Structures are given as structure tokens and as C-alpha cells.
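J.: Pasting the sequence and the predicted model now:
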Amino acid sequence: MTGVDPVVAVHQLSVDPHYKPIKQKKRTFSEEKGEAIREEVDKLLGADAIRELLFLTWLANVTAFGLKNAGSTYQRMVNNVFSTQIGPNMKIYVDDMLIKSRKREDHQANLRESFKNLRRNKLRLNLDKCVFGLTSRKFFGYMIIQRGIKPGIGAFPSSKL
């Protein structure tokens, strides 16, 4: 999520500023483990997964795979970014977004508001996956038509429980 405002994407810890942080004891490793760690770090550096920064700090590239809370973090961010639109003119299910309007004249304004929210939060859409100007569309087992929402034809998506 390059460029996303940290206010939207970064977790905050409730830490009382009156307490001093506890300095942890430096860990020492056996020669064998130390060598294995150095090799792994060299591999990560070679793959551009991490890079060395000044002042002896490290920065890992943001990756969504392997993170157990990536889905909930993304959902929280989307709910935050589109908080004024969800319900009245937008439906969101995971990474599928549906911008809706009761009247054709309102649709451009709703799209404009969505794009403004995307730009403000430095988010991008994959244009290969976007469809604009439809009067009906199948959306997770339902048919969205001009007169409302109807049950769709065919199977509903199965849950992965």
C-alpha cells in the first residue's frame, strides 16, 4: 500500500507515555546460528525483500501474504476511507466495491466522491478489474438491477470455514 496515509494503515498501541520502555537484553547466538542468520539476511537483501537504511534501522517491504491480520487490516482501512459512502451509495465485500445510485444523474457524483476518497488516501484501482456504467450486475449471488436487488441465478459463493 505504497503512499497510503499512515493514519489509515498503521496500528497504534495504547501505551502510557509515563512509563519508561524496558530495554531488552541483547541476544547472543552460537557461531552456527549467527552464520545462518547472516545468510538469511543476505538472501533477503539479494531478493530486495529488505534494504539497509541509515542509522542501523531496517525496513521490510510491505507484503500482504503470510500476515494473519492482513484481511482485517485492509477491511478496517476500506471502512475508514469510505465511511461516509458505505450504505448510502456503496457496498463493499472484501475487495469488491459496488458504487450505486438511485438516479442516473447521481451516479457521476457518487463516482466522483469515491475517486476523491481514493486519491486522498493514495489508493489505486486495478483498471483491468473495473467495470463502469452498468445497469445490472451479478454481485455475490445477487442480481443488482435498476429496480433493486434480486436473488441471482446459480450457486452462491461457498464460505471457507
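T.: That came through, no problem.
J.: What mean pLDDT does the helix or strand harbouring Gln75 get?
T.: Gln75 is part of helix 70-81, with elements assigned from DSSP states H and E. In this model, helix 70-81 carries a mean pLDDT of 82.
J.: tell me what that helix is packed against?
T.: Using 3 or more C-beta pairs under 8 Å, 6 or more residues apart in numbering; DSSP states H and E as the contact definition, the elements that helix 70-81 packs against are helix 6-9. (C-beta placed from N, C-alpha, C; glycine too.)
J.: what about the residue lying closest to Gly3 once chain neighbours are set aside, neighbour count?
T.: Leaving aside its chain neighbours, Gly3 sits nearest to Lys122 (3.6 Å; criterion: C-beta to C-beta, 6 or more residues apart in numbering). Taking other C-beta atoms under 10 Å as the criterion, the count of residues near Lys122 is 13.
J.: Settle this for me: Lys122 is touching Asp5, isn't it.
T.: Yes - Lys122 is within contact range of Asp5, at 6.6 Å (criterion: C-beta atoms under 8 Å).
J.: How about the helix holding Gln75, which residues are buried there?
T.: Within helix 70-81, the residues that qualify as buried are 73-74, 77-78, 81, counting by 16 or more other C-beta atoms under 10 Å.
J.: Mind pulling up the pLDDT for Phe115?
T.: Phe115 carries a pLDDT score of 93 in this model.
J.: Burial check on it, number of neighbours?
T.: Every residue meeting other C-beta under 10 Å relative to Phe115 is counted, giving 12.
J.: shift numbering so it begins at 20
T.: Understood, numbering begins at 20; the last thing we discussed is Phe134.
J.: Can you classify Leu64 as helix, strand or coil?
T.: The three-state assignment at Leu64 reads helix, by DSSP: H, G, I helix; E, B strand; the rest coil.
J.: can you count the residues close to it?
T.: In terms of burial, Leu64 registers 13 neighbours under the definition other C-beta under 10 Å.
J.: and if you look at Arg46?
T.: As a burial measure, the neighbour count of Arg46 was computed by other C-beta under 10 Å and equals 6.
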